[in-house]
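# what would the 3D arrangement of this be:
(2 chains)
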2 protein chains.
Amino acid sequence: MKVFIAGIDGYLGWALAQYLTARGHEVAGTDRYLRRQWVEEVGSVSAIPIYSMEERLAAFRDHFGKELQFREGDLLDYPFLRSYLEDFQPDAIVHLAEMPSAPYSMMDQAHAVGTHTNNVNGSLNVLWAMREVCPNAHLVKLGTMGEYGTPNVDIPEGFFEIEYRGRKDRMTFPRNPGSFYHLTKVHDTHNTIFACRIWGLSATDIMQGVVFGTQIDEMGDDPRLRSRLDFDQCFGTAINRFACQAVIGHPLTVYGVGHQKRGFLPMRDSMQCLTIAIENPPKQGEYRVFNQFEECYTVTELAEKVREAGTAVGLDVEIEHFDNPRTEKEEHYYNPDRQHLLDLGYKPTHDVVAEVKIMLKDLIPHRERIMEKREILVPDIRWDGTRRRSNVLTASPVNS
Amino acid sequence: MKVFIAGIDGYLGWALAQYLTARGHEVAGTDRYLRRQWVEEVGSVSAIPIYSMEERLAAFRDHFGKELQFREGDLLDYPFLRSYLEDFQPDAIVHLAEMPSAPYSMMDQAHAVGTHTNNVNGSLNVLWAMREVCPNAHLVKLGTMGEYGTPNVDIPEGFFEIEYRGRKDRMTFPRNPGSFYHLTKVHDTHNTIFACRIWGLSATDIMQGVVFGTQIDEMGDDPRLRSRLDFDQCFGTAINRFACQAVIGHPLTVYGVGHQKRGFLPMRDSMQCLTIAIENPPKQGEYRVFNQFEECYTVTELAEKVREAGTAVGLDVEIEHFDNPRTEKEEHYYNPDRQHLLDLGYKPTHDVVAEVKIMLKDLIPHRERIMEKREILVPDIRWDGTRRRSNVLTASPVNS
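Coordinates of the predicted model:
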């Protein structure tokens, strides 16, 4: 199949290009390198060194024996996007080109509005371009499990049948997200549902859990094929951040009591699931939702798993609780479905500790890079719109 | 109370400034005259002549014996908005500064994206400015009944208690809007809920029905105090459009079978309701929803009422059905609540025919202005992204 990846220079995009190519698909992509700029803006760097797109494309050629089609550009540049899609005529469009950080979107007015413009308008442009030049393509759109928030009822996949005052309907499951970033994904969801209904486009909206991991098998030993791995408060997701902290002996930074429960999945599961979605498209005009995660864990459970993996590879890992910079429930019900992917053959990894051991081994050679940025490991972007570095909470009652 | 009106040059904004001032409130406002530009862009004009803001402000002074505070500016200009709110320190902010047309937003990619930027980012700026300079102000935000769409169950006011798989929660009522314009209001709704939850802002989100009418009593006989009245396919709402068609003998343009049911209210009811919201603020940190309409009618029922009012003032009114340019259900269940405003003392008008008679008398002197634009009375912006003028449908089976 011909697959177009928007955001092909990113954490998932670069891995997916290799995964799909190894499976025989024809891949084209675009990026404007904003992720590189954003991470630099927040004073950080990828723990795993990454290469320029020129070097990446050369490595791709060496490794896979074919060219990766690439054009630098921005989804906000509609003529660029439209003509690229018109030329390539994809079977599937994987949209990974959104700004993915909750704290980054919460920093101030400019970052909240910038996130909306980049994410919502960029996604709208994808929908319009599909309508105009490739209406039969299948959009695989990256949403987030965070769109749902933490309701007191089970979380279905996108829609639910309800009875209300004696009448019935099938409705969009209500969204209650926890940051402006997550809100932009909710807006995308509503816009995509509408575009499918009105124009007959087809889309799979992936409500993805938190991804972790440093590699997939297809990357082999070539450092130029590795994906970025962030560990700052904005772009470093929970396990990735913990793994980087573990290798330099910094305490793992659990926010609050750490009973917040979320869906997580290794990068290799994300590749598997996205490919299942691509290779099993919905019918024309259908909008479907996949909740995509391996399993639900509390943040504390994950920190414990990182400690366990750390011990196995000879690291001494400490866990500390910090006052939570986010406004979120720290104790809550959480029971999301994820049946759609299982029905299509998804085999969850089910061994987080083994995956984290691989991560730690990948990260240990890059200790110095992380050490240099150790002052940014404790978060300071607060949900009340202020900046203040979190303090360590005393884990047990103080007796003095 | 000190009331700030964003969009004070508009159809509702200009009327509200007068209504609130007559009740003793202190009003300040802003506008960038985009509505005037948009109507010109779609080749139309206000049926009721409107005056420059300079002339409007002079009339205001003459009529109410005080200055209306006004600064020209755009909600997208954050420093402007922030400093104006910081200086004025409003008790309430009425946000009427969004692009309000479904067809305008559906025209093409540029209009869909422009609507998102103007509406969603402008509203986000209001929320951020409130947090930064007037966190105790009460936001009265204009949403639309169109956010809900036409579900097969009753429509509560914003939220509902549900039971799902044996557990209960109070959730946002799912939104299923019918255009990119309506979608921007849904996005605003989610953003506003979040800002109230995270920052403790207070907001009344008005899910308003379709407003009609040419005047409120406070405008008296001074033509400079009249609001605009649009009749084009984009900015002319159903009854306003019908009334303008009636005075020039053009058939009323009902879309499809005309059984689409919506909530409607006269401009004087809208003023009454908005003022009830302003004068009865929610408690700090509360987000509440008012469904705001006088009654629900089908489009055909309203066309019949316009015909009845027309006959009473000596007009010969014809009704014709046109193939529907929109993708929408023409037969559907529709039963929205509107108890919150009734509980606070809202007295609905309940005499649409009397109100339409006033409209027709106001519009007859301006026949020539409407006649000049008669070629734009039949819609051509279609929901499938194309342009084609609608044809008259044969109302009864053809026997030839």
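# all contacts plus neighbour counts: C-alpha atoms, from now on.
OK.
# for chain A, which spans come out with low pLDDT?
A:395-400 (pLDDT under 70).
# could I get the full set of helices for the stretch 251-400 of chain A?
A:267-279, A:299-312, A:339-343, A:352-363, A:367-371 (DSSP state H, counting those that start in this stretch).
# how about TSV for these, with distance to chain B and mean neighbour count added?
As requested, those are exported to TSV (distance: least, C-alpha to the nearest C-alpha, whole Å; neighbours: other C-alpha atoms under 10 Å in any protein chain shown):
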stretch	distance to chain B	mean neighbour count
helix A:267-279	25	21
helix A:299-312	22	20
helix A:339-343	16	15
helix A:352-363	30	20
helix A:367-371	32	18
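# closest one to B:Asn291 among those helices?
Judged by C-alpha to C-alpha, the one of these that comes nearest to B:Asn291 is helix A:339-343, at 36.5 Å.
# on that earlier part again, distance to A:Val133 for the helices of the stretch 251-400 of chain A - can I get that in TSV?
Formatted as TSV, these follow (distance: least, C-alpha to C-alpha, whole Å):
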stretch	distance to A:Val133
helix A:267-279	19
helix A:299-312	44
helix A:339-343	29
helix A:352-363	41
helix A:367-371	44
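# quick one: closest of those helices to B:Thr386.
That would be helix A:267-279 among these, by C-alpha to C-alpha, at 29.5 Å.
# which residues are in contact with A:Tyr287?
A:Thr192, A:Ile193, A:Cys196, A:Arg197, A:Leu201, A:Ser202, A:Ala203, A:Thr204, A:Asp205 (C-alpha atoms under 8 Å, 6 or more residues apart in numbering or on different chains).
# in strands, which of those appear?
Mapping the contacts of A:Tyr287 onto strands (DSSP state E) picks out A:Ser202, A:Ala203, A:Thr204, A:Asp205.
# for the residues you listed, which one is nearest chain B?
Using C-alpha to the nearest C-alpha, A:Ser202 comes nearest to chain B of the ones in strands among the contacts of A:Tyr287, at 15.1 Å.
# picking that back up, buried among the ones in strands among the contacts of A:Tyr287? Make that a PyMOL selection.
Those of these that count as buried under 16 or more other C-alpha atoms under 10 Å in any protein chain shown are selected in PyMOL with:
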select buried, chain A and resi 202+203+204+205
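# show me what from the stretch 201-350 of chain A comes close to chain B.
Taking C-alpha under 8 Å from any C-alpha of the partner chain as the criterion, the stretch 201-350 of chain A approaches chain B at residues A:Thr327.
# strands along the stretch 201-350 of chain A, start to end?
A:202-208, A:210-212, A:252-255, A:261-266, A:287-292, A:295-298, A:319-322 (DSSP state E, counting those that start in this stretch).
# list the contacts for whichever residue of the stretch 301-400 of chain A sits closest to chain B?
The nearest approach of the stretch 301-400 of chain A to chain B comes at A:Asp384, 6.0 Å away (C-alpha to the nearest C-alpha). Residues near A:Asp384 by C-alpha under 8 Å, 6+ apart: A:Thr327, B:Ile198, B:Trp199.
# which neighbouring elements make contact with the helix ranked longest in chain A?
Ranked by number of residues, the top helix in chain A under DSSP state H is helix A:180-199. If you count contacts as 3 or more C-alpha pairs under 8 Å, 6 or more residues apart in numbering or on different chains; DSSP states H and E, helix A:180-199 packs onto helix A:102-106, helix A:109-116, helix A:122-133, strand A:138-144, strand A:202-208, strand A:287-292, helix B:180-199.
# among the ones you listed, which is nearest A:Gly166?
Closest among the helices and strands packed on helix A:180-199, using C-alpha to C-alpha: helix B:180-199, at 25.9 Å.
# distance to B:Phe290 added to the ones in strands among the contacts of A:Tyr287, as JSON lines?
Output for the ones in strands among the contacts of A:Tyr287, formatted as JSON lines (distance: C-alpha to C-alpha, whole Å):
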{"residue": "A:Ser202", "distance to B:Phe290": "35"}
{"residue": "A:Ala203", "distance to B:Phe290": "34"}
{"residue": "A:Thr204", "distance to B:Phe290": "34"}
{"residue": "A:Asp205", "distance to B:Phe290": "31"}
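# on that earlier part again, and the strands of the stretch 201-350 of chain A as a markdown table, adding distance to B:Leu16?
Converted to a markdown table, these look like this (distance: least, C-alpha to C-alpha, whole Å):
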| stretch | distance to B:Leu16 |
| --- | --- |
| strand A:202-208 | 42 |
| strand A:210-212 | 48 |
| strand A:252-255 | 47 |
| strand A:261-266 | 47 |
| strand A:287-292 | 42 |
| strand A:295-298 | 51 |
| strand A:319-322 | 49 |
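# what's the neighbour count on A:Asn152?
17 (other C-alpha atoms under 10 Å in any protein chain shown).
# so it sits against A:Pro336, correct?
No. If you go by C-alpha atoms under 8 Å, A:Asn152 and A:Pro336 don't touch, sitting 10.8 Å apart.
# so who does A:Glu320 touch?
Counting by C-alpha under 8 Å, 6+ apart, A:Glu320 has contacts A:Pro251, A:Leu252, A:Thr253, A:Val254, A:Val392, A:Leu393, A:Ala395.
# over to A:Leu360?
Per C-alpha under 8 Å, 6+ apart, neighbours of A:Leu360: A:Ala243, A:Cys244, A:Ala246, A:Val247, A:Gly310, A:Val313.
# try 6 Å this time
Applying C-alpha atoms under 6 Å, 6 or more residues apart in numbering or on different chains to A:Leu360 gives no contacts.
# same check on A:Thr21?
No contacts exist for A:Thr21 under C-alpha under 6 Å, 6+ apart.
# packing partners of the strand or helix carrying A:Glu163?
Taking DSSP states H and E as the criterion, A:Glu163 maps to strand A:159-164. For strand A:159-164, the packing partners by 3 or more C-alpha pairs under 6 Å, 6 or more residues apart in numbering or on different chains; DSSP states H and E come out as strand A:167-172.
# who's in contact with A:Cys206?
Slight slip there: residue A:206 is Ile, not Cys. A:Lys141, A:Leu142, A:Gly143, A:Val289, A:Phe290.
# one more pass at 10 Å, please.
Neighbouring residues of A:Ile206 by C-alpha atoms under 10 Å, 6 or more residues apart in numbering or on different chains: A:140-145, A:157-158, A:189, A:273-274, A:277, A:288-293.
# now list the buried members of the residues you listed.
Looks like the contacts of A:Ile206 have A:140-145, A:157-158, A:189, A:273-274, A:277, A:288-293 buried, using 16+ other C-alpha under 10 Å.
# these two touch, right, A:Asp232 and A:Gly43?
Yes. At 8.3 Å, A:Asp232 counts as touching A:Gly43 under the criterion of C-alpha atoms under 10 Å.
# give the residues shared as contacts by these two.
A:Lys373, A:Glu375, A:Ile376.
# quick one, strands of the stretch 1-150 of chain A?
Using DSSP E, counting those that start in this stretch, strands in the stretch 1-150 of chain A cover A:2-6, A:26-31, A:69-72, A:92-95, A:138-144.
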